[in-house]
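Visitor: this is the structure alone, sequence omitted:
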């Protein structure tokens, strides 16, 4: 919610467990993440992007798995007002280069075949 000073998530498509938490609360709950980014700083970046009419922002994030791998996340943040309440709407992707995986019949890619490589 834009302007509440905390950035509580009312929905989260990637991780339902984050719904209802503040940005600061999420970051503070993961020591490895809290060492590289501050919750209020990230919320401030999101708010500024929304106030500017919508902008891309990049920041360090984690996958919330067994191992907390840190990677760059790129997010587009915009603001919207509904019933007198201003909200942030954000959608992003993890900027991670996934190792290439060979297809089941692939030895060397060849334009003569349509098998994935």
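Guide: Arrived safely, thanks for sending. The model shown is predicted, which means the values in this text are computed figures rather than measured ones.
Visitor: does anything pack onto the lowest-mean-pLDDT helix or strand in the chain? Which helices or strands?
Guide: Among the helices and strands of the chain, helix 31-34 carries the lowest confidence by mean pLDDT, DSSP states H and E, at a mean of 76. Where contact means 3 or more C-beta pairs under 8 Å, 6 or more residues apart in numbering; DSSP states H and E, helix 31-34 is packed against helix 23-28, strand 55-62. Yep, even glycine has a C-beta here, placed from its N, CA and C like the rest.
Visitor: pick the most deeply packed of these.
Guide: Among the helices and strands packed on helix 31-34, ranked by average contacts under mean count of other C-beta atoms under 10 Å, first place goes to helix 23-28 (a mean of 20).
Visitor: ok, residues contacting that one?
Guide: 6-7, 9, 18, 33-34, 37-40, 42-43, 46 (C-beta atoms under 8 Å, 6 or more residues apart in numbering).
Visitor: report the contact partners of residue 11.
Guide: Taking C-beta under 8 Å, 6+ apart, we find residue 11 in contact with residue 19.
Visitor: is it in a helix, a strand, or coil?
Guide: What DSSP: H, G, I helix; E, B strand; the rest coil gives for residue 11 is coil.
Visitor: that one and residue 41: what is the separation?
Guide: 23 Å (C-beta to C-beta, to the nearest Å).
Visitor: mean confidence for the longest helix anywhere in the chain?
Guide: If you go by DSSP state H, the chain has its longest helix at helix 39-51. Averaging pLDDT along helix 39-51 yields 88.
Visitor: identify each buried residue in that helix, please.
Guide: The neighbour-count check on helix 39-51 (16 or more other C-beta atoms under 10 Å) flags 39, 42-43, 45-47, 49-50 as buried.
Visitor: ok, stretch 14-21 next?
Guide: 18, 21.
Visitor: what's in contact with the longest strand along the chain?
Guide: If each strand of the chain is counted by residues according to DSSP state E, the longest one is strand 70-82. By C-beta under 8 Å, 6+ apart, the surrounding residues in contact with strand 70-82 are 2, 32-33, 36, 46, 49-51, 53-63, 86-96.
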